[in-house]
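Peer 1: below is the sequence, then the predicted model.
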Amino acid sequence: MPTGILDYKSDAIVQLMNMAEEDWTEQELKDALQRAIMLELSTIPPYATALWSITDPDNGKPVRHTIREIVFDEMSHFGLVCNMLTSIGGTVVLTDPATVPKYPGQLPGGVNPGLEVFLSGLSRDSACLFADIEKPEHPLAFAADGNTIGAFYQRIANVFPKFAHLLTGQRQVEFPLGSSHGAGNDIIPMNTIDDVLKAINIIQEQGEGTTASPVNPFPGSPGELAHYYAFKEIAVGKKLVFDDQTGKFEFAGPDLPLPDTSPVARVPQGGWANSPGNEPDATTAGLLRTFNQHYSDMLRALEGAWGADGPDSIGPAIGLMGQMRRAAQQVNGVKLPADPRFTYGPEWLFVQ
């Protein structure tokens, strides 16, 4: 029974969260996993757009390193959930126009209702948005209810054991990211329910931390914070430290300055052609089109990796990600006609 096409703009996750766990069927689980795939995919464009706006290419510099590692984490999470879905006989859907992320707009499925996700260069505002995307129901504690990403994954973890007999270990992609980006970042097959529950735990704790600490327990480097706290540091401009007097973690440590960036403006709904006065000329339109084509081809390659083409499609997908970065940086170098203080940014529009 394949996964159906699921509209990005629906409130399907809210509906699943409101359904009693004992009422979930195989189809609800498959739909939930497809939704989780869409969620992971939806975080990569805003995070990558901010990352690629940083002009210093040194990946060792603090803020750039932080965001880059989080992007790799999200890619790992995406791959792990794709493996969960295909192992129980579902089909990963990435290239139907209904499933592709839309910006600016809400997260898919009604998660974090009222939060408008936008594409722009790195700023305190965009870092604040990223922290809001990753925010736990209660910082330093998981919640099984509510409409956060972590709560949704907890519901999947609660339900999945009932369907453990469906796991086949088929159509799985393996990719070693752990040696470069942290112990939890290897994309591994989902053969058993233990594999699934361990993967969900990694996804939750890399995003939200543990119930006791804001530190990512699966870091690429020692002391790396979970996504919510790492983005909050950038948004606030202060390092997170433990206050012995209050017994709490506080954003009251040393200053965390923003790196130099291209001043990428917020990308309008449907792309720059919809921004009066900033309609791109032929050259800029070509740069934007090149990025969109690479992005679309990447989605097709990823869909194929968990589908008919098999794992060999992962290599081309990774190559396309590099081409996207280079194309985005070219776009970021073009000033807006209506306000030259700012530049264009990649549109992330799907091309059929």
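Peer 2: Perfect, I can see it now. Numbers count the residues shown, from 1 in each chain.
Peer 1: so where's the chain uncertain?
Peer 2: Along the chain, the parts satisfying pLDDT under 70 run over 1-6, 137-147, 211-212.
Peer 1: how does it divide into domains?
Peer 2: The record assigns the chain these domain ranges, following automatic domain parsing: 12-261, 265-352.
Peer 1: quick one: which helix or strand includes the closest residue to residue 234 other than its chain neighbours?
Peer 2: Nearest residue to residue 234 in three dimensions, chain neighbours excluded: residue 127, at 3.9 Å (CB to CB, 6 or more residues apart in numbering). Just so you know, the C-beta spots here come from the backbone N, C-alpha and C atoms, and that holds for glycine as well. Residue 127 is located in helix 124-134, with elements delineated by DSSP states H and E.
Peer 1: what residues of the very next helix or strand once past that helix count as buried?
Peer 2: Sequence-wise, the next helix or strand downstream of helix 124-134 (DSSP H and E) is helix 149-159. Neighbour-count burial for helix 149-159, counted by 16 or more other CB atoms under 10 Å, picks out 149-157, 159.
Peer 1: backbone dihedrals for residue 335, both of them.
Peer 2: The phi/psi pair for residue 335 (degrees, to the nearest 10) reads phi -70, psi 150.
Peer 1: how close does it get to residue 15?
Peer 2: According to CB to CB, to the nearest Å, residue 335 and residue 15 sit 44 Å apart.
Peer 1: so the helix holding residue 127 versus helix 149-159, what angle?
Peer 2: Going by axes from the mean of the first three to the mean of the last three CA atoms, to 10 degrees, helix 124-134 is angled at 20 degrees with respect to helix 149-159.
Peer 1: what's the single longest helix in the chain?
Peer 2: Across the chain, the longest stretch assigned as helix under DSSP state H is helix 26-53.
Peer 1: now do the SS call for residue 161.
Peer 2: When classified by DSSP: H, G, I helix; E, B strand; the rest coil, residue 161 comes out as helix.
Peer 1: give the contact list for it.
Peer 2: 193, 197 (CB atoms under 8 Å, 6 or more residues apart in numbering).
Peer 1: how much space between it and residue 250?
Peer 2: 38 Å.
Peer 1: what do you get for residue 110?
Peer 2: Using CB to CB, residue 110 is found at 32 Å from residue 250.
Peer 1: can you give me the helices in the stretch 251-352 of the chain?
Peer 2: Per DSSP state H, counting those that start in this stretch, the stretch 251-352 of the chain carries helices over the ranges 282-305, 314-331.
Peer 1: how many neighbours does residue 293 have?
Peer 2: Using other CB atoms under 10 Å, residue 293 has 17 other residues around it.
Peer 1: give the contact list for it.
Peer 2: Counting by CB under 8 Å, 6+ apart, residue 293 touches residue 351.
Peer 1: residue 288 versus the closest residue to residue 347 other than its chain neighbours, what's the distance?
Peer 2: Once flanking residues are discounted, residue 347 sits nearest to residue 271: 4.2 Å by CB to CB, 6+ apart. Going from residue 271 to residue 288 by CB to CB gives 7 Å.
Peer 1: which residues do these two both contact?
Peer 2: residue 347.
Peer 1: relative to residue 163, how far out is the closest residue in space to residue 33 that isn't next to it in sequence?
Peer 2: For residue 33, ignoring the flanking residues on the chain, the nearest one in space by CB to CB, 6+ apart is residue 85 at 4.2 Å. Distance of residue 85 to residue 163, computed by CB to CB: 12 Å.
Peer 1: who has more neighbours, those two?
Peer 2: Neighbour count, other CB under 10 Å: between residue 85 and residue 163, residue 85 has more, with 25 against 17.
Peer 1: what angle do the host helix or strand of the more buried one and helix 149-159 make?
Peer 2: In this assignment (DSSP H and E), residue 85 forms part of helix 62-87. Taking the same axes, to 10 degrees, one finds helix 62-87 and helix 149-159 inclined to each other by 30 degrees.
Peer 1: what are the buried residues along helix 62-87?
Peer 2: For helix 62-87, burial by neighbour count (16+ other CB under 10 Å) applies to 63-87.
Peer 1: how far is that helix from where the chain is centred?
Peer 2: Its chain's C-alpha centre and that of helix 62-87 lie 7 Å apart, by CA atoms, centre = their mean, to the nearest Å.
Peer 1: so what does it touch, helix or strand wise?
Peer 2: helix 26-53, helix 178-181, helix 193-208, helix 227-236 (3 or more CB pairs under 8 Å, 6 or more residues apart in numbering; DSSP states H and E).
Peer 1: OK, contacts around the residue positioned nearest the centre of the chain?
Peer 2: Nearest to the geometric centre of the chain sits residue 43, at 2.9 Å (CA atoms, centre = their mean). Applying CB under 8 Å, 6+ apart to residue 43 gives the contacts 74, 133.
Peer 1: any idea how far residue 149 is from it?
Peer 2: Plainly put, residue 43 is 9 Å away from residue 149 if you go by CB to CB.
Peer 1: who touches both of these two?
Peer 2: Common contact partners of residue 43 and residue 149 (CB under 8 Å, 6+ apart): residue 133.
Peer 1: OK, contacts around the residue lying closest to residue 44 once chain neighbours are set aside?
Peer 2: Once flanking residues are discounted, residue 44 sits nearest to residue 74: 5.4 Å by CB to CB, 6+ apart. By CB under 8 Å, 6+ apart, the residues touching residue 74 are 40, 43-44, 47.
Peer 1: distance to residue 123 for the residues you listed - can I get that in a markdown table?
Peer 2: Below are the contacts of residue 74 laid out as a markdown table (distance: CB to CB, whole Å):
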| residue | distance to residue 123 |
| --- | --- |
| 40 | 23 |
| 43 | 17 |
| 44 | 18 |
| 47 | 13 |
